[in-house]
Each structure stands twice: as structure tokens, then as C-alpha cells.
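1. everything below, folded, please.
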Amino acid sequence: MEQGMADPRLSDFEFFKILLPGMSKKKLRLPSKFAAELGDRRDVKLRLAGGGGPLWDVKIVSNDDGMYLGRGWEQFSHVHDLREGNLLVFRYDSADVLNVTIFDRSTCRKHYPHAAVVAAGTSVCGGSTSAGRSSPSIAEPSYFAVTLRQCNLGTKQNQYLNVPVEFQDAHGYARRRRVVLRMGGRSWAVNLKRGKREHGDRTAFKYGWHQFCVDNGLDLGDTCFFRVIREGGSGDGEDDDDVLKVEVRKKDGTFVA
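-> Numbering: from 1, shown residues only. Reported below is the predicted structural model:
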């Protein structure tokens, strides 16, 4: 297939990468399954997901170990302040364009003000820079992600999932009793439990979380992405609950929504 034309095999293809200590800053290895679908392509464009922002030209390079995002990746990484522990979700949504969603070490989605993206170089196309629209600056996090550990999947009585402090404060979880999780067309009401910590209160998903995990077959190493799709009110009624859509990437790389 001619490069630059849409490929139905790649339509909405998604994968994620976690930036680990010791990884090269000049290149990023692509999953072998995605690399196989790319075929002989040697150019892609990266774009921050959701912002309609500038495109970044990145070369695809290969060696005996596989295929990588090469020239252009280091600049994209620098401008977006990518660091160890960040989780990046890539989605191929059109001919040769990968949208990138970035989660920082707080497990919340990272958003960029105007200056963070545009002033550092704007769009990098064909080796030159050109003005582009910035990603929007969002005052409060609407996403967070958690890779499940034993404490999240223990016995029913002890099972819980801590909500990132930045997220709980932004959405007023100190005054909420529960949230509703939605996945696969079903809903689960999950109670919020608050506890004292050295640096302030901490909110966790508690009663109802176990059933959500069981019903969806969640396991150690699965990564759950939580996104607000409805803000709750200030009352105690069911219609006042926050509603979070949940998507899961299994350990084997498959995706469940």
C-alpha cells in the first residue's frame, strides 16, 4: 500500500508504552504487532491527543531488535516533558498519524498550557517549524490511570483502589459518598471511603469495587483508565453521582472497553 494512504488494518490501532529507567531518550521501541502492520513505512506524525495541536514528523528506524520511533522522537519527548514513569497511549487514527495521550506519575492525564507546546517549537513538519494550534489547558484532570496491584485485587474485605489526590480534590470527592463506573454497557455503584494520611485525606474506591473487578475479570498488571463522563451534583441522590467510564488494557496488550 502506498505510504500516506489510510490502511484499514491500522485504523484505530492502539498500544501503550511505559517510560522505564534506562530507556533511550532518542528512540522508542514499537510493539512487534504494530510494527508488523506498519510494513515498510518509514515516516509517521505524532500529535497530542484531544487538542488538535501541531504535528511532529518522526522517522521510523529498525535494527535487529525491532522497529523504533527515531529522529523527531527526542524533540517530541523534550517539548512534552516526558519522564520516567509516564504512561503513553498511542492511537493510529488516520494515514500515518499517531495521537498520543500522556499520563504522568500521579496517574492523571497530563495537560499542556499554550506555551508548553507551541513556544518550544510548534509544528515540526518536513524539518521546519510552523505555527499550530495549541493543546487546550484544562483546569482539572478528567482522566486517571492505575496499573492494578495486589492491594487492588485482594480479598473482598481488603480490596480497594486509591484515587489520585489531584483527581479527588478536583472533583470534590471529600463530599461524595459514591461514584458510578461504566464499562461494556453496564454500571457499578462504588462507595468512596476516606482515610487520614500524613499529608491529608485520601479517598479510595471501596465497596462495590470488588464486584466491578470480578465481573470484568480484572487481574494483576491490567491498566485501568478512568474518565469522567458526567459530573455529579452536590446532593445525595443517584443522579448526583460522578459517572466514570472505564477502559482496560490487559497485560497481553488487548483492549477492553
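
2. what's the neighbour count on Tyr173?
-> A total of 22 residues lie near Tyr173 under the criterion other Cβ atoms under 10 Å. For glycine as for every other residue, the C-beta is placed from the backbone atoms N, C-alpha and C.

3. show me what contacts it?
-> Each residue near Tyr173 by Cβ atoms under 8 Å, 6 or more residues apart in numbering is listed here: Val163, Phe167, Val179, Leu192, Arg194, Thr203.

4. at 6 Å instead, please
-> Taking Cβ atoms under 6 Å, 6 or more residues apart in numbering as the criterion, Tyr173 is in contact with Leu192, Thr203.

5. which residues of this protein score low on pLDDT?
-> 1-8, 51-53, 94-95, 113-141, 197-200, 233-239, 253 (pLDDT under 70).

6. could you list the domains of it?
-> Domain ranges of the chain: 13-130, 143-256, per automatic domain parsing.

7. and the helices in the stretch 51-200 of the chain, which stretches?
-> Taking DSSP state H, counting those that start in this stretch, the helices of the stretch 51-200 of the chain run over residues 73-79, 114-118, 165-170.

8. and of these, who's closest to Phe15?
-> helix 73-79 (15.1 Å; Cβ to Cβ).

9. quick one: buried residues of the closest one?
-> Trp73, Glu74, Gln75, Phe76, Ser77, Val79 (16 or more other Cβ atoms under 10 Å).

10. in CSV: those, plus distance to Ile18.
-> Output for the buried residues of helix 73-79, formatted as CSV (distance: Cβ to Cβ, whole Å):
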residue, distance to Ile18
Trp73, 16
Glu74, 18
Gln75, 21
Phe76, 17
Ser77, 14
Val79, 20
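
11. closest to Thr155 among these?
-> Using Cβ to Cβ, the buried residues of helix 73-79 come closest to Thr155 at Ser77, 41.0 Å.

12. tally of neighbours for the nearest residue to the closest one once chain neighbours are set aside?
-> Nearest residue to Ser77 in three dimensions, chain neighbours excluded: Lys25, at 6.2 Å (Cβ to Cβ, 6 or more residues apart in numbering). For Lys25, the number of neighbouring residues by other Cβ under 10 Å comes to 11.

13. how close does Lys25 sit to Trp73?
-> Using Cβ to Cβ, to the nearest Å, Lys25 is found at 8 Å from Trp73.

14. which one among the buried residues of helix 73-79 gets closest to Arg91?
-> Phe76 (15.5 Å).

15. what's the nearest residue to the closest one if we skip its chain neighbours?
-> The spatial neighbour of Phe76 that comes closest, neighbours along the chain excluded (Cβ to Cβ, 6+ apart), is Trp56 at 4.7 Å.

16. across the sheet, point out what pairs with that neighbour.
-> Leu46, Val124 (DSSP bridges).

17. surely it is in contact with Leu46?
-> Yes. The pair Trp56 / Leu46 is scored as a contact, 4.5 Å apart, by Cβ atoms under 6 Å.

18. any shared contact partners between those two?
-> By Cβ under 6 Å, 6+ apart, the residues touching both Trp56 and Leu46 are Phe76.
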